[in-house]
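# Mind folding the following:
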Amino acid sequence: GATLATASALAALTAGVFALLVFQIGAASLLHRLGPPVAADWVERYLPGARVPESLLRPQESQAALWSLEGEAGETARRIAAPGVRLSDHTLYLAQWRTVDDALKRLSDGEAATFGRVMTLSGVDLFGLALGARPAVGTWIVHDVGRTISPLGADAARAYLAGADTVFEPTCLIVQAPGAEPMTPWFAGALAASFEARVLTPCWTLHRRVRG
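Residues are numbered from 1 along each chain as shown. Prediction:
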């Protein structure tokens, strides 16, 4: 959706209304060929009103299920699947959203109301968005390694987390895929020193700040 919106705006700026109309017709035709769009609660959580062609949705649901397998079987499956994960795949965000949705189901009733300021150690604060939580003070809206955020030492990482009460850490193929540049290792020491960890799923670990 964001990519289409950006390209649409670019078309309007560079070639006017006619080019914009051609682009929109082409995009609509492409989506139509992919199959009828369907609604999914876990998609609308991040992009209200969105509809996704079923031919895109189902493979990403399956991929998320693979990432989230537990136990030794899950570890083996992820190790085998890792080389096939392409970070350039523009539909990969759907699988990631689904893993977040699965992790949210592991929270107890009313627990999210106690989280305070939330951040996700990922490209975007997916959990903060899904929960409608207050963002952590002093953190970037988008974490793009090498662009918006650079490697942090121990002190800088601790300072970066100072405004967060609850941190969600990705732990599966989202950060283990070939070519990924995870920022999670920068924060390992700070999380261990000041937060209490709880594994929600193989893909996400919840860290709550220890007070007093």
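
# contacting residues around the nearest residue to residue 190 once chain neighbours are set aside?
What sits nearest to residue 190 in space, not counting adjacent residues and going by CB to CB, 6 or more residues apart in numbering, is residue 158, at 4.2 Å. The way it works is simple: take the backbone N, C-alpha and C, and place the C-beta from them, glycine included. Neighbouring residues of residue 158 by CB atoms under 8 Å, 6 or more residues apart in numbering: 189-190, 193-194.

# part of a strand, is residue 158?
No: assigned with DSSP: H, G, I helix; E, B strand; the rest coil, residue 158 falls outside any strand and is helix.

# so where's this structure uncertain?
1-34, 83, 87-88, 90, 173-181, 212 (pLDDT under 70).

# can you give me the helices for it?
Secondary structure of the chain, counting by DSSP state H: helices at 2-33, 41-44, 54-67, 71-81, 92-104, 126-131, 154-160, 173-176, 188-194.

# picking that back up, reformat the contacts of residue 158 as TSV; add distance to residue 130.
Shown next, in TSV, are the contacts of residue 158 (distance: CB to CB, whole Å):
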residue	distance to residue 130
189	27
190	24
193	27
194	24
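
# quick one: which two of those are the most distant?
Greatest spacing in the contacts of residue 158, by CB to CB: 189 and 194 (9.5 Å).

# Just want to know which of these two has more residues nearby.
residue 194 (17 against 14; other CB atoms under 10 Å).

# That one: what's it in contact with?
If you count contacts by CB under 8 Å, 6+ apart, then residue 194 has 158, 161, 209-210 around it.

# From these, keep the buried residues only.
158, 161, 209 (16 or more other CB atoms under 10 Å).

# Out of those, which is nearest to residue 61?
For the buried ones among the contacts of residue 194, the nearest to residue 61 is residue 161 (32.0 Å; CB to CB).

# quick one: the closest residue to the closest one other than its chain neighbours and residue 135, what's the gap?
With CB to CB, 6+ apart as the criterion, residue 161 has its nearest non-adjacent residue at 5.2 Å, and that residue is residue 190. Residue 190 is 18 Å from residue 135, where distance means CB to CB, to the nearest Å.
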